[in-house]
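Chemist: sequence plus the predicted model coming up.
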Amino acid sequence: MKKSMILLVLIVFCINVGGKASSSIIIPKDAIRFRVIANSNSIEDQQTKKAVKDQLTSFLQPILLENKTKKQMKASLLENKTEMETVVQNELREENRSLPYTIDYGMHYFPEKEYQGVTYQEGEYESLVVRLGKGEGENFWCVLFPPLCLLEGEKTESEKVEYTSFIQEILDSLFH
């Protein structure tokens, strides 16, 4: 009876700890984030943000694949800033928009974000930030290094990310 009670308490503890740990993701210290901030929340500005994000992501994909360390990634991003500016200029022209913009690499504040049930902590993160116009609209963000943007870009709208607890999986396999 005593062993059963200890096992039950252990199982409940593991499930609770596992469940809580899986709902909050801490982005690694060596991460580099990527953010595109829209001019405003108007439909036109949000469409422009998405178009700029899509073009920049396409431009950045080969760079993401060839850089294996944070130092290499940072150097590549800084070396390619002029080319990124050209990508943004061309896309704004394609969208018939004459918005000012900035591209900045450095430390930037990111608010807490919940995405598909996962909470990403707020804080100052090394990042590449593209601000369109006043930069007062909703934004797109992801992690450039390690290259999680590539994984995100390959998902379809209907796919969902499922986070599970390793401990819970073990317990489930033992008791089912």
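Modeler: Right, received. Where do you want to start?

Chemist: so where do the helices sit in this structure?
Modeler: Secondary structure of the chain (DSSP state H): helices located at 2-22, 43-66, 70-79, 81-94, 148-154, 166-175.

Chemist: lowest-confidence stretch among those?
Modeler: Mean pLDDT is lowest for helix 2-22 among the helices of the chain, at a mean of 43.

Chemist: ok, Met73 to Arg93 distance?
Modeler: In this view, Met73 and Arg93 are 28 Å apart by C-beta to C-beta, to the nearest Å. All C-beta spots, glycine's among them, are computed from the backbone N, C-alpha and C.

Chemist: the two - which one has more neighbours?
Modeler: Met73 (24 against 10; other C-beta atoms under 10 Å).

Chemist: where's that one relative to Glu126, distance?
Modeler: 10 Å.

Chemist: do the same with Thr102
Modeler: Taken as C-beta to C-beta, the span from Thr102 to Glu126 is 17 Å.

Chemist: more neighbours, the two?
Modeler: Glu126 (18 against 13).

Chemist: contacting residues for the more buried one?
Modeler: Residues near Glu126 by C-beta atoms under 8 Å, 6 or more residues apart in numbering: 31-33, 74, 106-107.

Chemist: can you do 7 Å?
Modeler: 32, 107 (C-beta atoms under 7 Å, 6 or more residues apart in numbering).

Chemist: and stretch 100-111, which residues are buried?
Modeler: Across stretch 100-111, burial judged by 16 or more other C-beta atoms under 10 Å covers 101, 103, 108, 110.

Chemist: which non-adjacent residue is nearest the last one?
Modeler: When you say that, I think you mean Phe110. Using C-beta to C-beta, 6 or more residues apart in numbering and skipping residues adjacent in sequence, the residue nearest Phe110 is Tyr125, 5.4 Å away.

Chemist: thank you kindly, that will do.
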